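Pasted the sequence and its predicted model underneath.
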Amino acid sequence: LYIAEASPARFKQLARSKVLSGTCWTPPVLANRSVYVRNSRGTLYKLQMSEMVIEPQPLAVNFAGSRLEFSWPAKGDFILESTEALGQAADWGEVDSGTAKEGDRYVVHVRPSAAQQFFRLRSE
């Protein structure tokens, strides 16, 4: 299941989750805070939607020589993303520098690849 924000330019993924297995699903119908789909065998599934509250995670940034060190609490399922532009031109992608767990925090070391780069934590 993908939740997306639609604009004339593109779809922006807000959340995703594997909630059903298999293939050949009907187009989803959203009604009364529920999503309804049928599989190829005709079985109807109802997915109840609820509000998702995500606690902001403090992101720490430090200099480590010529690299930046990002760290955040290990609780939760977050990934570090970066982009070279903000606004409509933003193209967020996962930072592929390798995340390591150090004690109760995740740590990523990044060598900036552009003159201007922005970072964020995204809930997975």
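Yes, it's here.

Quick check: chain neighbours aside, which residue is closest to residue 63?
Counting by CB to CB, 6 or more residues apart in numbering, residue 63 lies nearest to residue 69, which is 7.3 Å off, once chain neighbours are set aside. Any C-beta I mention is one placed from the backbone N, CA and C, and that applies to glycine too.

To clarify, my last question referred to residue 6.
Nearest to residue 6 is residue 12, by CB to CB, 6+ apart, at 8.0 Å.

Which secondary structure element is home to that neighbour?
strand 11-16 (DSSP states H and E).

Now do that strand: which elements does it pack against?
Taking 3 or more CB pairs under 8 Å, 6 or more residues apart in numbering; DSSP states H and E as contact, the helices and strands that strand 11-16 lies on are strand 2-6.

got the contact list for the strand it packs on?
Strand 2-6 has contacts (CB atoms under 8 Å, 6 or more residues apart in numbering) with 11, 12, 13, 14, 15, 16.

tell me which of those residues is nearest to residue 33?
residue 15 (15.2 Å; CB to CB).

what about the closest one, distance to residue 92?
14 Å (CB to CB, to the nearest Å).

Quote the end-to-end distance of stretch 71-84.
By CA to CA, to the nearest Å, the extent of stretch 71-84 from end to end equals 20 Å.

Could you give the average pLDDT over that stretch?
Averaged across stretch 71-84, pLDDT comes to 88.

Could I get the buried residue list for that stretch?
71, 72, 78, 80, 81, 82, 83 (16 or more other CB atoms under 10 Å).

Can you give me the separation between the last one and residue 66?
What that stands for is residue 83. 21 Å.

who's residue 63 bridged to?
For residue 63, the beta-bridge partners are residue 68 (DSSP bridges).

again, but for the one 10 residues further on
Judged by DSSP bridges, the bridge partners of residue 73 are residue 105.

Next: the one 5 residues further on.
Note on residue 78: beta-bridge partners by DSSP bridges are residue 123.

Residue 88 belongs to a strand?
No. Counting by DSSP: H, G, I helix; E, B strand; the rest coil, residue 88 falls outside a strand, being helix.

Just say helix, strand or coil for the closest residue to it other than its chain neighbours.
What sits nearest to residue 88 in space, not counting adjacent residues and going by CB to CB, 6+ apart, is residue 9, at 6.4 Å. Classification of residue 9 using three-state DSSP returns coil.
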